[in-house]
Structures are given as structure tokens and as C-alpha cells.
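Trainee: fold the following, please.
(one chain, ligands or ions: 1)
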Amino acid sequence: MCGIFGYIGKKDPIPICISGLKQLEYRGYDSAGIAGIFQGKIRSCKEAGKIARLEKKIHQEHLNLEFAIGHTRWATHGKPTDQNAHPHFDDKSTIALVHNGIIENYQTLREQLQSEGVRFLSETDTEVIAQLIGKFYENDLLAAVQKTLPLLRGSFAIALIHANHPDQIVAAARQSPLSIGFDDEHSESIVSSDPNAFLISTPNVLFLRNDEIALVQANRIRVFNSQLQHIDKKIERLENDYQAPSKGGFEHYLIKEIFEQSSTIQKALIGRLNEEKATIDFEQFSLSDETLKNVSNIWILGCGTSAHAGWIGTMFFEDIAHVPSSVEIASEARYRNPLLTPNTLVIAISQSGETADTIAAMREAKQRGCKVLGICNVANSTLSREADSTLFLKAGPEMSVCSTKAFSSQVAVLSLFALHLASLKGLGKDEMRRYFNELKKISGHIQQVLEKASLLQTIAKKYAHYDDFFFIGRRYMVPTGLEAALKLKEISYVNANGYPAGELKHGPIALINQKFPVVAFCANEQTHEKIVSNLMEVKARGAPVLAFAPEGAHGISNIVDDIFTLPPCIDPFAPFASIVAGQLLSYYIAKERGCDIDQPRNLAKSVTVE
Ligand code: M6R
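Mentor: Predicted coordinates:
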């Protein structure tokens, strides 16, 4: 699972591929590699670790290429070593190939090829594709690719070159995104997992569909179906809103993005609250009022942070719009037999819009006849192209692997959509305006938390040496606590368990002792007394307790060891300030522990394999 990028044109392909790969580093950074043709021979360079290391090695080796394909890897099959880094080659080293996806039957194919005498150099599933194409090659590269694809089970986007064809890149895809772009003069062509990585401001783009094969040359792109019949592809013109990533003076992207939230929340709301009419106005929204009035239930899909936002969304839909709803982890959703009807609205949430599990589950729901609303941050992403309609977060690029500002914006957009549904279903204007007033306070609440960041830094120093934590809460604070726990485990490698507070006594409380702190999210008015009892229970068993609680919350400060106070807020919107406090705590703990904060080990910003 990975990012692939290729360039063919008049310019030096190496810096272009490196820049493209850097744009794709969100898809994995375990290793990187590049290959191309120089004076009729395949030449390559690959290296375990991040792209910066590859760049250094290319420089040391004085690599020159006439055109190139490149890869940034998130390891699935085989450790993140130089040898397992892409590109991979056929036995004769005439083909170099990069791949995003998983070949599920690679073991069988590999054993078969080995029994025919083929030598493998890596542990990857990818190498079988290069070897098969090499085996079938008889001076016709397209025909060799065409013979190979039906043998592969699983998902792939591939780009490959052959020493005998020094003017072309061949690309193919199944269930994995692959876009091909070219400039207005058509003097250069680019292949990429993500069109946002084209460093052309308004590229002409086509997207490969399942089992299509493209022959990419500098001044010409031809696409064929699985029978090698030529297809006329629709060319789209994309507006690439490329902004060079910047830490804006902060030490890490993560802390910058945490601090951006008082403004990103406003961006999610701006122009969408129609105060005069007391309605929600979404731009470019194509789900009709009629469709939405008939929605009988909502099924929310997402992974990780996006699923936590979706969980909060279910509460909005029930509490504000009175529509039954549930959330499902996308990797499980597609293997279930949910009772979907044509009146079920499916909401697929993804910051990147490229998460394979979410996309697969969304496609499944579409096939069953449901309308899909996407909630997404990245324009031109697969999710935003395939959903029936998409609401964008407008949060700007999120660079840190650990998702922060996307979460608060997802929750904000979900609250707007719940209000939109509620108003279509008859919620009164006064009630709508009451919610508007509360929504408008959120940015200020977040700002108040940010202004006390140094206090959280001091608290973090006290808690940073613990290796185990519980994060607890009730109602809206359950998904908030789970999300905060995910932040801590992801960037600090600490065992942080998120639990509904009332569930501790059904088993997990057995773990509690003086070395097992509890971080309690207490900003839910409705269940206040209940969480106070839960705090007593963990305190009685010796746990150090840190509470995030609204100013003036009764009966907490005298029980807990540490308290960080939050601005008072109505229950549905309490997750915003609470999560920002949780994010800051995690950031400062990770910093104390000396972790790689923006690119934690074993992770990728966007997980593009199922
Ligand atoms: O791009 P997506 O929102 O679809 O990503 C889903 C998860 O992979 C992501 O939220 C992940 O859990 C984050 N790294 C958490 O901080």
C-alpha cells in the first residue's frame, strides 16, 4: 500500500518524481525508490526509510534517468528493507514496476513461478507482477500486461517500464486509484496515485477504471480495456489548489494543526449558517430536500478518527434530527449484511478520501441502491468523486499523520448536516437559531483551551512516564475519549484504552492500580453525576486521575489529582473543546517521550489497502 508516481517528458524526471512522491508520502513512508531508463538500460535506486533518504542516495550515486517511475511504501508484505522497497524487477532486469495494493494470491503465483525456475529477490507480493509480465513478454509489453492482469486477485495500481520501450510507461489499475495527467501543450505526462500530487496547476486528468491499461507517452496517452480495445476516456480538468506545506513557525505539523482549529472550525461553518432564514446552506449539494425528507435511517462509515467523528454524528442525528442512525467501522461494514433500504442514507467520512476500507464500503452501499453522502477534506479524492454528494471540511491540508483539525471539522459538518435534516423534518426556527448561537461559540471555546496549552504541557510532564492509560467518558464524551486515546497511542506508543466510563466495572477496572492513570472527559452535563461516581470508583483503586471538566463542574476537583477546566457548553458541542485539550495532552506527552510526532512508526496518513 503506497503511493506511485511516474513522469515522462522533456524535463529531468528525478526532481519531479521526488516532489511527486513527497506529495504522496501520506500514503506511507517505510521506504522509497525510483527507476527509469538511461541509455537503453533500467537504472534504479531504492532505500528503506523516508523519501529524504532516497534523495540523498540518488545524489550520492549520480543517478541520471530519461524518464522515471517512483514509489513510497507502507509495508504490507515483507519488512521495510531496501530489498523490499519498490520498484521490483523481472528476472532479466528489463522491467521495473511500482505497485499500490495487495495481490491476495501472490503465494500461489510465486510458488508457480519458482517451480519454473524464476528467482525472487524480495518478500513482496508486488514482485510476482513484474515476474509474470516478464514471463509473458514477447516484444509486446501491452500484451504481456494484458495476460498478467487476469491472474491477479486483489487490488492494484501499477506503473511499469521496459528497457526495450524507452518512450513509455504502462499503467493499470483495479480497485486502487490511478490518475494520468498531462499539460495543455501535451509535452509531458504524469501517472500518480493521487491527482493532487501533479505539480501542474490545472492538469488534464483521466482516471483508470478496473482492469484498464494505459500506454503513457510524453505526448500521447492511450487507454485500453482488458481485451486491449481502445477506449475513449473522459478527460477532466482539475483545479489543483496546491499549497506548499509549511509548519508556520511551529515545531511540528501536529501542533500547528491543533492550533489551527479555532479558525478551521469557522471555515467549516462560514457561509453555511443562514441566520435570516434559520436554515443550513450547503454549496454544491446535490441531495434534494425530497430525498432527505424521506431518509428513514443513517448508516455512517469511517475508519479511525473519522469513525469516532461518525459516532458523535449518530448522537447528533438522534438528538437533533430524531433520525435513527448507527456508525460502523468501514473495514467491517462491507462484510456485514446491514438492513439497508432505499431510504437509508449512507454517510462515508474520510479526511483523505482515499482510505480503501471506507471506499470499498461506500461502493458496496451504492451497489445496494443507497445514496451516499461523503464528508471529506480533500478535493478530487476518490471518495469525493464517487459519492452522490460531498460536504467538504475546508480545513486545508492536514500533514501530520495524527488527525486533529479534520476531526473537529468533521464533527462540525456532521452537526450542520443534522441541523439541515432537522429543519427539513420540521425543527422550529427558534430552536435552529439556538443551535446556531451555540455553534458560533465553538471557535472561542477552542481558543480558550489553546491559550492554556502551557498548563497542559506541565500536566503532560507529570503523566509522560506512564505506559498505560484509560480514557473514559459518557455519552458525547465516549467517542471524544476514544479519539483522545487514539491520539496518545498513535504518537506516543503508549497503551491508551478508550472506554465508556460505565463499562469499566464490567472487567477493565481489574487493570487499575497506581501505575494506571485515568483521563476522564467530564463535559457531558446529562451524565455528570454518573461520571463523578466513576471517578470515585477508579480513585478508590489507586489510579492517578486527570479530569477535563467544565469550569464550575460540581464535585470533581476534590476527587481527582489534576483538573483542566473547559468553557461550559451544551452537551452536543462539548466534544470540540474537550478534544483539543486531549490532543494537546497527547502532543506534549509524545514530545516528552521523544517520539517521531508527525510520522509515527508503522503508520501512513492514508491507508490505501483493505
Ligand atoms: O483519511 P481518513 O479519514 O479516511 O483516515 C482514517 C484513519 O486512517 C485516520 O483517521 C487515522 O485513524 C488517523 N491517523 C488517526 O489520527
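
Trainee: neighbouring contacts of stretch 546-558?
Mentor: Residues external to stretch 546-558 that are found in contact with it (Cβ atoms under 8 Å, 6 or more residues apart in numbering): 459, 463, 517-523, 525, 528, 532, 535, 559-569, 574, 578, 581-582, 585. Backbone N, C-alpha and C define where each C-beta goes, glycine included.

Trainee: just the residues you listed: which are in helices?
Mentor: Residues of the contacts of stretch 546-558 located in helices (DSSP state H): 459, 463, 528, 532, 535, 574, 578, 581, 582, 585.

Trainee: hang on, the earlier thing: which among the contacts of stretch 546-558 end up buried?
Mentor: Buried members of these, counted by 16 or more other Cβ atoms under 10 Å: 459, 463, 517-523, 528, 532, 535, 559-560, 562-569, 574, 578, 581-582, 585.

Trainee: how about the backbone phi and psi for residue 206?
Mentor: Backbone geometry at residue 206, expressed as degrees, to the nearest 10, gives phi -130, psi 150.

Trainee: what residue in the stretch 101-250 of the chain comes nearest to the ligand?
Mentor: residue 194 (11.9 Å; Cβ to the nearest ligand atom).

Trainee: buried stuff in the longest helix anywhere in the chain?
Mentor: Looking across the chain with DSSP H, the single longest helix is helix 429-451. By neighbour count on 16+ other Cβ under 10 Å, the buried set for helix 429-451 is 432, 435, 436, 439, 441, 442, 443, 445, 446, 447, 449, 450.

Trainee: any idea of the pLDDT on the one residue in the stretch 251-400 of the chain that gets nearest to the ligand?
Mentor: Going by Cβ to the nearest ligand atom, the ligand is nearest to residue 304 of the stretch 251-400 of the chain, at 1.9 Å. Here, the pLDDT recorded for residue 304 equals 98.

Trainee: any part of stretch 67-80 near the ligand?
Mentor: No. Under the criterion of Cβ under 6 Å from any ligand atom, the ligand is not reached by stretch 67-80; the shortest gap measures 11.2 Å.

Trainee: centre of the chain to that stretch, how far?
Mentor: Using Cα atoms, centre = their mean, to the nearest Å, the mean C-alpha position of stretch 67-80 is found 18 Å from that of the whole chain.

Trainee: just the terminal-to-terminal distance for it.
Mentor: 26 Å (Cα to Cα, to the nearest Å).

Trainee: cool, and stretch 205-217?
Mentor: Per Cα to Cα, the first residue of stretch 205-217 is 14 Å away from its last.

Trainee: related to what we said a few turns ago, of the ones in helices among the contacts of stretch 546-558, just say which sits nearest to the ligand.
Mentor: Checking the ones in helices among the contacts of stretch 546-558 one by one against the ligand (Cβ to the nearest ligand atom), the nearest turns out to be residue 582, at 11.8 Å.

Trainee: hang on, isn't the closest one packed against residue 487?
Mentor: Yes. With contact defined as Cβ atoms under 8 Å, residue 582 reaches residue 487; the gap is 6.3 Å.

Trainee: sheet-wise, list the partners of the worst-scoring helix or strand of the chain on mean pLDDT with their directions.
Mentor: Within the chain, no helix or strand scores below strand 236-237, which has a mean of 91 by mean pLDDT, DSSP states H and E. Using DSSP bridges, the strands paired with strand 236-237 are strand 204-207 (antiparallel).

Trainee: show me what the partner strand is in contact with.
Mentor: 177-184, 195, 198, 214, 221, 223, 233-238, 385.

Trainee: could you do stretch 450-465 as well?
Mentor: Contacts of stretch 450-465 (Cβ under 8 Å, 6+ apart): 258-259, 261-262, 469, 492, 517, 544, 546, 562, 564, 580-581, 584-585, 587-589, 591-593.

Trainee: residue 449: what's it in contact with?
Mentor: Residue 449 makes contacts with 566, 567, 577, 580, 581, 584, as judged by Cβ under 8 Å, 6+ apart.

Trainee: now with 10 Å?
Mentor: By Cβ atoms under 10 Å, 6 or more residues apart in numbering, the residues touching residue 449 are 258, 261-262, 455-456, 548, 564-567, 576-584.
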